[in-house]
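Peer 1: Next input, structure requested:
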Amino acid sequence: MTSTHFEASYLIETPLAPEAVAEVMAGEQSCGTFTRVAGETDDLRARARAQVLQVQPLGTVERPSLPNAWLARQGYGAGAHWQRARVRIAFPIANVGANLPTLAATVSGNLYDLGEVSGLRLECLDLPPDYRDQFDLPALGVAGTRRSIGAAHGAMVGTIIKPNVGLSAQQTADLVRQLCDAGVDFIKDDEVSANPAHAPLRERIPAVMRVVREHRERTGKWVMVAFNISDETSAMLRHADLVQQEGGSCVMASINWCGLSGIQSLRRHTPLALHAHRNGYGALSRDPMLGMGYQAYQTLWRLAGVDHVHVHGLQGKFAQPDAEVVESAQDCQRRLSAVQDDRVLPAFSSGQWAGTVPATWAALQSDDLLFMAGGGILANPDGPAAGVLSIRQAWTAVRAGSSLDDHARHAPELARALQFFGKRG
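Peer 2: Numbers count the residues shown, from 1 in each chain. I've put the predicted structure just below:
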């Protein structure tokens, strides 16, 4: 990789020669189309055409992964040899500049619709550090989030407002008071609760922040609250202003639906931490021959300046295998910038409780993460404080190299959580 190009890696499937398809991909996403046109001179192609760097054959499969009318019209059906390959392409930075939507369109865009492929997935996106630094950086990132909540060391334990929707602004504030008293570091809205009629942000933000400020005055502990301000862009900016006015430190957005430009505008407008909720990512990722791998996905969103990104959780309630969750978290913890620490916090959630801590620690050997438990805290039979304490006790155990069962002999909250949640698998 040079400072003049960025690289993208793809998994493709095709009945054609993969090398020829790779050239089609490079031309389609730079200066070419299905046929050479007037003005597409050799000099222009030398300057602006993407370059195929590598084509790695991966074998054949019996049938195509996706339907394709173009291939059917060409006579490719039963008896065709469907080949898979990994393709790496270098794109001229000059074609794109520091333009995030155009970068995304270049490495994805019409590639998913190419007639030559029966499957295509963007796997990785590698940027020269000096190109990455032309885009937005996180406002807080890992170190800044730790400073904000006063947690210099250890895992940052968070939770989610439950019930997801239906609580009034005052009921939400009452629950936040309970959770602050329970000892959490971080509280977030659910992705489906943004600005509902029963708890509009103009009422919910002041009510919740009053509780957070009172808790800090009483205990010295600051709890970070991620208000879900997902909306059209100008409304998100207004909501962020209200959070900042009330002394808040974080906002959340459903990034797939607010869009790269919306999140960029939000980043450039506010100094608050941006908690990026990836709901909907499964539509991009669950088919192994379609969509986008997490490395490329999180790279694009980090260029928009987010501070925390969801990765789901180990042994959780969603479809992703643990290996994918681990790899996703590791991607978040790698620097892209050459000049400053631009790592973002991986946010673990979905079915998390004290019992999933050992797998999380074993996979990452790091506590630079947000470990968020909804039911694992709020459904604890002895109350939220016991739920939080059981999770902290689990982290103490794994950091000391002890098993949960051994540590639980001297940690009654952990013992109770293992007995209660362990029955649920």
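
Peer 1: CA only for contacts and neighbour counts going forward, please
Peer 2: OK.

Peer 1: Let me see the ranges of the helices in the stretch 51-200 of the chain.
Peer 2: Under the criterion DSSP state H, counting those that start in this stretch, the stretch 51-200 of the chain carries helices at the ranges 69-73, 100-107, 129-132, 141-149, 169-182.

Peer 1: Residue 310: which of these is closest?
Peer 2: Minimum separation from residue 310 across these (CA to CA) falls at helix 141-149, 13.6 Å.

Peer 1: May I have that closest one exported as PDB, CA atoms only?
Peer 2: Taking C-alpha atoms only, helix 141-149 is exported to PDB below (Å, rounded to 0.1, in the frame of the first residue of the first chain):
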ATOM      1  CA  GLY A 141     -12.200   7.300  22.200                       C
ATOM      2  CA  VAL A 142     -10.900   4.800  24.700                       C
ATOM      3  CA  ALA A 143      -8.800   7.100  27.000                       C
ATOM      4  CA  GLY A 144     -11.300  10.000  26.900                       C
ATOM      5  CA  THR A 145     -14.200   7.700  27.800                       C
ATOM      6  CA  ARG A 146     -12.200   6.300  30.700                       C
ATOM      7  CA  ARG A 147     -11.500   9.900  31.900                       C
ATOM      8  CA  SER A 148     -15.100  10.900  31.600                       C
ATOM      9  CA  ILE A 149     -16.400   8.100  33.800                       C
END
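
Peer 1: CSV please, covering the helices of the stretch 51-200 of the chain and showing distance to residue 94, mean pLDDT and mean neighbour count.
Peer 2: As requested, the helices of the stretch 51-200 of the chain are arranged in CSV below (distance: least, CA to CA, whole Å; pLDDT from 0 to 100; neighbours: other CA atoms under 10 Å):
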stretch, distance to residue 94, mean pLDDT, mean neighbour count
helix 69-73, 32, 94, 13
helix 100-107, 11, 98, 17
helix 129-132, 11, 96, 17
helix 141-149, 29, 95, 18
helix 169-182, 49, 97, 19
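
Peer 1: Tell me which of these sits nearest to residue 356.
Peer 2: Between residue 356 and these, the shortest gap by CA to CA is with helix 169-182, which sits at 19.8 Å.

Peer 1: What segments of the stretch 301-425 of the chain are strands?
Peer 2: For the stretch 301-425 of the chain, the strands defined by DSSP state E, counting those that start in this stretch occupy 308-310, 345-348, 370-372.

Peer 1: Can you name every helix or strand that the second one contacts?
Peer 2: Under the contact definition 3 or more CA pairs under 8 Å, 6 or more residues apart in numbering; DSSP states H and E, strand 345-348 sits against strand 308-310, helix 322-332, strand 370-372.

Peer 1: hmm, back to that, I'd like to know which of the helices of the stretch 51-200 of the chain lies nearest to residue 197.
Peer 2: Among those, helix 169-182 sits nearest to residue 197 (CA to CA), with 10.0 Å.

Peer 1: quick revisit: so which of the helices and strands packed on strand 345-348 is the most packed in?
Peer 2: Sort those by mean neighbour count, taking mean count of other CA atoms under 10 Å, and strand 370-372 sits at the top with a mean of 26.

Peer 1: what does that strand rub up against?
Peer 2: Outside of strand 370-372, the residues that reach it under the criterion CA atoms under 8 Å, 6 or more residues apart in numbering are 155-160, 345-350, 352.

Peer 1: can you give me the offset of that strand from its chain's centre?
Peer 2: The gap between where strand 370-372 is centred and where its chain is centred comes out at 13 Å by CA atoms, centre = their mean, to the nearest Å.

Peer 1: so which of the strands of the stretch 301-425 of the chain gets nearest residue 15?
Peer 2: Set against residue 15 and scored by CA to CA, the strands of the stretch 301-425 of the chain come closest in strand 308-310, at 36.4 Å.

Peer 1: Could you turn the buried ones of the contacts of strand 370-372 into a ChimeraX selection?
Peer 2: Per 16 or more other CA atoms under 10 Å, the buried members of the contacts of strand 370-372 correspond to this ChimeraX selection:
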select :155,156,157,158,159,160,345,346,347,348,349,350,352
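
Peer 1: returning to what we had before: now tabulate the helices of the stretch 51-200 of the chain in a markdown table and tack on distance to residue 322.
Peer 2: Output for the helices of the stretch 51-200 of the chain, formatted as a markdown table (distance: least, CA to CA, whole Å):
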| stretch | distance to residue 322 |
| --- | --- |
| helix 69-73 | 36 |
| helix 100-107 | 27 |
| helix 129-132 | 29 |
| helix 141-149 | 23 |
| helix 169-182 | 28 |
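
Peer 1: Residue 254: which of the ones you listed is closest?
Peer 2: Shortest separation from residue 254 across these is recorded for helix 100-107, at 16.9 Å, computed as CA to CA.

Peer 1: What is that closest one packed up against?
Peer 2: Helix 100-107 is packed against helix 255-269, helix 294-303, with contacts defined by 3+ CA pairs under 8 Å, 6+ apart.

Peer 1: Make TSV out of the ones you listed and add distance to residue 227.
Peer 2: As requested, the helices and strands packed on helix 100-107 are arranged in TSV below (distance: least, CA to CA, whole Å):
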stretch	distance to residue 227
helix 255-269	14
helix 294-303	19
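
Peer 1: I'd like those laid out as CSV, including distance to residue 364 and mean neighbour count.
Peer 2: Listed next are the helices and strands packed on helix 100-107 as CSV, based on distance: least, CA to CA, whole Å; neighbours: other CA atoms under 10 Å:
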stretch, distance to residue 364, mean neighbour count
helix 255-269, 25, 19
helix 294-303, 16, 22
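
Peer 1: for the residue lying closest to residue 318 once chain neighbours are set aside, phi and psi?
Peer 2: Counting by CA to CA, 6 or more residues apart in numbering, residue 318 lies nearest to residue 350, which is 6.9 Å off, once chain neighbours are set aside. When quoted as degrees, to the nearest 10, the phi and psi of residue 350 stand at phi 90, psi 100.
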